[in-house]
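Colleague: the sequence and its predicted three-dimensional model are supplied below.
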Amino acid sequence: MTTGEATTVLVCGATGNVGRPLVERLLAEGHRVRALTRDPARAGLPVGAEVARGDLTDTASLVEVFAGVTAAHLIGFGGDHAPLRNGPELVALATKAGVRKVTVLKGEAETTGLDRAVAAADWDHTFLSPVEFMSNSLEWATQIRETGQIVDGFADVKSAMVHEADIASVAATVLTTDGHAGKEYWLTGPEALTARDRLAAIAAVLGRDIPFVELGRDEIVARWRAQGHGDEDIEFFLAMRTTPPEVAYTPLPTVEQVTGHPPRTYDQWVRAHETLFSPEA
């Protein structure tokens, strides 16, 4: 599929951190966009998008959603962030509808049922594997606004966080141009930053000092348990913070190679979200 070919692109998770800028990018480039959301009345999507109601965890709700779609951006998880259990059914439905190209935004490193079904389908597929979203820093917003400090753990672990708009740019490029079939793109930002680095960037933009109060391992585990995380989640969180894979903290050139523009910096992300960290928010 080339850029000039008429196509309807289905964007799943259209109101999410990646889905929303992907919808905007595709519309700006002149593509027809069908935006999937569980609640169209609250979606607030751009004029020009065809908003469709549906739930990725409920295959029956998607029959009309896939009708007439030739390319689709899928996500590997539902509203509860758990991996989809109906991957083969989704792929069968999309194939029957005539989908010929897909991107899959992976939610975890392990291969899922959806991944296997997508890879086995007779279409062009590309997996998108971001190491960590810059928007994860929004977890700090309430603390910064209300207390003027951050109380958290693992302050010196590096992460090559990626801007959500860059993930969307990669997805848009892959869905509307050729040359990406069968690939998995690991996506990072341009630099590896520790939690202290990220907090310093936020403090610089806000123009005030924000202390980092570091919790010990047992304290942060207790916090995760209090937040409702189970043993499996906590084991994953600890692994990512104590023995992360090299790709998690190694900036890669993938974003620029695919899109032609360098990845956005963390400072750019902070400036775009400054008001969310401000006491006046």
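Modeller: Nice, I can see it. All figures in this text were calculated on a predicted structure; none of them were measured in a lab.

Colleague: quick check: closest non-adjacent residue to Glu89.
Modeller: Thr59 (4.4 Å; CB to CB, 6 or more residues apart in numbering). C-beta: built from backbone N, CA, C; applies to glycine.

Colleague: Gly79 contacts Gly54, correct?
Modeller: No - using CB atoms under 8 Å as the test, Gly79 is too far from Gly54 to be in contact (11.6 Å).

Colleague: between those two, who's got more neighbours?
Modeller: Shown here are Gly79 and Gly54; by other CB atoms under 10 Å, Gly54 has more neighbours (21 against 10).

Colleague: how's the protein carved up into domains?
Modeller: According to automatic domain parsing, the chain comprises the domains 8-130, 132-162+189-249+264-281.

Colleague: mean neighbour count, the ones you listed: which tops it?
Modeller: Among the domains of the chain, domain 8-130 has the highest mean neighbour count (mean count of other CB atoms under 10 Å), at a mean of 19.

Colleague: confirm that Trp269 sits in a strand.
Modeller: No - membership of Trp269 in a strand is not supported by DSSP: H, G, I helix; E, B strand; the rest coil, which gives helix.

Colleague: which residues touch it?
Modeller: 134-135, 137, 163 (CB atoms under 8 Å, 6 or more residues apart in numbering).

Colleague: also Ile220?
Modeller: 152-154.

Colleague: please repeat the previous calculation with a cut-off of 10 Å.
Modeller: Counting by CB atoms under 10 Å, 6 or more residues apart in numbering, Ile220 touches 151-154, 214, 234, 237-238, 241.

Colleague: just the pLDDT at it, thanks.
Modeller: In this model, Ile220 is scored at 94, pLDDT.

Colleague: do you know how far it is from Thr194?
Modeller: With distances taken as CB to CB, to the nearest Å, Ile220 is found 15 Å from Thr194.

Colleague: coming back round to it: who's in contact with the residue nearest to Glu89?
Modeller: 66, 84, 86-90, 92-93.

Colleague: please redo it, this time with the cut-off set to 8 Å
Modeller: Here Thr59 is in contact with 86, 89-90, 93 (criterion: CB under 8 Å, 6+ apart).

Colleague: element containing Trp186, please.
Modeller: Element membership of Trp186 [criterion: DSSP states H and E] is strand 183-187.

Colleague: before we move on, back to that, just checking, which of the contacts of Trp269 belong to strands?
Modeller: Per DSSP state E, strands hold no members of these.

Colleague: return the per-residue confidence for the residue nearest to Glu89.
Modeller: At Thr59, pLDDT is 95.

Colleague: and the closest residue to Tyr249 other than its chain neighbours, how close does it get to Leu206?
Modeller: What sits nearest to Tyr249 in space, not counting adjacent residues and going by CB to CB, 6+ apart, is Lys158, at 4.1 Å. According to CB to CB, Lys158 and Leu206 sit 23 Å apart.

Colleague: angles on the backbone of the closest residue to Pro40 other than its chain neighbours, please.
Modeller: Leaving aside its sequence neighbours, Pro40 sits nearest to Val51 (CB to CB, 6+ apart; 4.6 Å). Backbone torsions of Val51, given as degrees, to the nearest 10, read phi -90, psi 130.

Colleague: same deal with Gly230?
Modeller: The phi/psi pair for Gly230 (degrees, to the nearest 10) is phi -90, psi 180.

Colleague: and if you look at Gln257?
Modeller: The phi/psi pair for Gln257 (degrees, to the nearest 10) is phi -60, psi -40.

Colleague: CSV please, covering the contacts of Ile220 and showing pLDDT and secondary structure.
Modeller: As requested, the contacts of Ile220 are exported to CSV (pLDDT from 0 to 100; DSSP: H, G, I helix; E, B strand; the rest coil):
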residue, pLDDT, secondary structure
Val151, 96, strand
Asp152, 95, strand
Gly153, 94, strand
Phe154, 95, coil
Glu214, 96, strand
Ile234, 92, helix
Phe237, 87, helix
Leu238, 92, helix
Arg241, 88, helix
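
Colleague: tell me the one of the residues you listed nearest Trp186?
Modeller: Arg241 (19.1 Å; CB to CB).

Colleague: compute the distance between the nearest residue to that closest one once chain neighbours are set aside and Thr243, please.
Modeller: Leaving aside its sequence neighbours, Arg241 sits nearest to Phe154 (CB to CB, 6+ apart; 4.2 Å). Phe154 sits 12 Å away from Thr243, taking CB to CB as the criterion.
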